[in-house]
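Enquirer: Following is a predicted model, sequence given first.
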Amino acid sequence: MRVNTCDRSWSPWCARRSSKSGNDREQGPGEILDRFLEGREIGFKRDFDPRAWHRRHHRHVPFAVGASAAAAALIVVAVLEHPASVAHVLQPPTRHLALARPPKDFWQRLGMVAENSVPLWMTPQQGPLKEVLYTGHAMVNGFQASQVVAVDAGARTEFAVGFLDAEPVWVSEKSHKPVPVSLSPVVAPATGRWQPGGPTALSSFSAAGPDVYITNGPEWALLTGAMNVHWGEDPASDAVKGQIVSLPSAPRQALLLTESASGSERLYLRGVHGQWKEVTPPNNPITQLVALGHEYWALANGTLYVSENGSRWTTRYAPPPNFSIATFAVGERGSSTLAAVSLTPVGEPGLGPVFRSTDGGLRWTNIGVPWPNGSAPQQMVVTPDGGVAALLPGPPAILEQWTPASSRWTVIDLPHPNTSGVGQLTAFSNGDLLYADSQGNLYRYLHSVSEWQPLPRAPGVPASTEPNLLMAIGDHQVLLAYPQGWWVLVLK
């Protein structure tokens, strides 16, 4: 088996001219993954280890963690400590918290119209809360707004966010005195080199030590540094798509979740010798699957589970009655595992709070709901400092963070208004956020200076194309997958 021995100084991928025989060029199930673009080949470096690879002495910890500080000082939203056990101080969903509103509240007196309202499930101490969307045009103490999303307790507003042209421009507390959302400057674009990875649209990517697993529909592949890389079919014969993850502590093993055209799921574990074995899932359906450190994490049927071997699962967070987990995030800080879950009521409209853990999910703290925009978090990341960043889809989309230092949620102004309300959020290992909007723009939020930095676009990808897969590897690499193929950006 040939190994790519090209220059190893800057990227885990590198190009070399083809020297394959005619037999190597057969297509079909044994299609060569690496060959495209003018007869050149892309090989994954055998010595690339996402746990240890560094550039200019930046140490890597597993990707998908990150956040940064925002400048506006805002209100604390329901922070309750539970030091000894998993405790849930939540007001259960009840039908009597209907959407009825008293006439002519503060915002209606300003000429705005209440478009819709959903209950917020917080704590008994706060009482019934609702998140209400108002539209129209209002002037509040000199600040304009074309939309206001307010958290109301009866006719009293607890806090609100004002939007103008789909961009959050101010926040206010009970006094209705808006505080401007501090703008996040956009600095000079970053420079880097794009390295093509393959001409296919990846559906999942998992870096585990020197081995990297990828999936495309019902096929999977393992990149180990060999020049001849072939697609393998999923072990489930009826699979139409799959997601694969692997642990850095056991890089030659992998956990594969397949889905059939009818929506049925199967879970398979790959052994050290390459054989697949079907294993029992923790529950169904599985909506998120993550590998971190020595554990697999799965969100299944609204409950969070963990496993060290992929076949025996234990519950790590069971939500209180009438609630389920909408999404979760995990990360690492030294030897500690950080986690966050966002709750949603079952069978009822409304939004729930976010719970956070700094000890691998053994104890959880309620850190409240993010500032309102009418939506629950679509994606979350946890930061090396124990914070949480959340992307709320809207529309319009809004990005927020919770930090241990402030114990509050704050709004991070997006570099470009996201009126469609969709996007992707992940992070670099140093805590910088990595964000892609629906227009295909790619940005890095520099934690140290609270500024956005545009990143270069992938070559040959239309400007309006949103990536189907966005990953950060360490502090200086970005993996992007589009319908046209996938690339790795190595930043200078």
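Expert: Nice, thanks for sending it over.
Enquirer: shouldn't Asp238 be in contact with Ala261?
Expert: Yes. Under the criterion of Cβ atoms under 8 Å, Asp238 makes contact with Ala261 at 7.1 Å. Where you see a C-beta, it was placed from the backbone N, CA and C, and this is true even at glycine.
Enquirer: quick one: which of those two has more around it?
Expert: Each of Asp238 and Ala261 had its neighbours counted (other Cβ atoms under 10 Å), and the higher figure belongs to Asp238 (13 against 9).
Enquirer: Next, give phi and psi for the more buried one.
Expert: Backbone torsions of Asp238, given as degrees, to the nearest 10, read phi -100, psi 10.
Enquirer: List the contacts of the closest residue to it other than its chain neighbours.
Expert: If you skip the residues right next to it in sequence, Asp238 has Ser260 as its closest partner in space, 4.3 Å away by Cβ to Cβ, 6 or more residues apart in numbering. Contact criterion Cβ atoms under 8 Å, 6 or more residues apart in numbering gives Ala236, Asp238, Ala239, Val240, Arg266 as the residues in contact with Ser260.
Enquirer: which SS class is Gln108?
Expert: Of the three states, Gln108 takes helix under DSSP: H, G, I helix; E, B strand; the rest coil.
Enquirer: And the pLDDT at it?
Expert: Reported pLDDT at Gln108 in the predicted model: 87.
Enquirer: my guess is it meets Glu115, correct?
Expert: No. Assessed by Cβ under 8 Å, Gln108 is found out of contact with Glu115, at 11.5 Å.
Enquirer: who has more neighbours, these two?
Expert: The neighbour comparison of Gln108 against Glu115 (other Cβ under 10 Å) goes to Gln108, with 17 against 13.
Enquirer: coming back round to it: overlap of the contact sets of Gln108 and Glu115?
Expert: Listed as contacting both Gln108 and Glu115 by Cβ under 8 Å, 6+ apart are Tyr134.
Enquirer: Any regions of the stretch 201-350 of the chain where pLDDT drops low?
Expert: 225-228 (pLDDT under 70).
Enquirer: pLDDT on stretch 416-436, on average?
Expert: For stretch 416-436, the per-residue pLDDT averages 86.
Enquirer: coming back round to it: out of the contacts of Ser260, which is most surrounded?
Expert: Taking other Cβ under 10 Å to define a neighbour, the member of those with the most is Ala239, carrying 24 neighbours.
Enquirer: Please name the nearest non-neighbouring residue to that residue.
Expert: In space, Ala239 comes closest to Thr258 once its chain neighbours are excluded; the distance is 3.9 Å by Cβ to Cβ, 6+ apart.
Enquirer: got the buried residues for the helix or strand that neighbour falls within?
Expert: Assigned by DSSP states H and E, Thr258 belongs to strand 250-260. Using 16 or more other Cβ atoms under 10 Å as the burial criterion, the residues of strand 250-260 that qualify are Ala250, Pro251, Arg252, Gln253, Ala254, Leu255, Leu256, Leu257, Thr258, Glu259.
Enquirer: Output those residues in JSON lines; the columns should cover distance to Ser407.
Expert: Converted to JSON lines, the buried residues of strand 250-260 look like this (distance: Cβ to Cβ, whole Å):
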{"residue": "Ala250", "distance to Ser407": "37"}
{"residue": "Pro251", "distance to Ser407": "38"}
{"residue": "Arg252", "distance to Ser407": "42"}
{"residue": "Gln253", "distance to Ser407": "39"}
{"residue": "Ala254", "distance to Ser407": "39"}
{"residue": "Leu255", "distance to Ser407": "36"}
{"residue": "Leu256", "distance to Ser407": "40"}
{"residue": "Leu257", "distance to Ser407": "36"}
{"residue": "Thr258", "distance to Ser407": "42"}
{"residue": "Glu259", "distance to Ser407": "40"}
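Enquirer: what's the closest of the residues you listed to Trp121?
Expert: When the buried residues of strand 250-260 are compared for distance to Trp121 (Cβ to Cβ), Leu257 wins out at 29.9 Å.
Enquirer: who's in contact with the residue nearest the centre of the chain?
Expert: Computing the C-alpha centroid of the chain and ranking residues by Cα atoms, centre = their mean puts Gln379 first, at 4.2 Å. Taking Cβ under 8 Å, 6+ apart, we find Gln379 in contact with Thr327, Ala329, Ala390, Leu391, Gln424, Leu425, Thr426.
Enquirer: For it, give its distance to Ala329.
Expert: With the distance defined as Cβ to Cβ, to the nearest Å, Gln379 ends up 8 Å from Ala329.
Enquirer: domains of the chain?
Expert: 13-44, 106-180 (automatic domain parsing).
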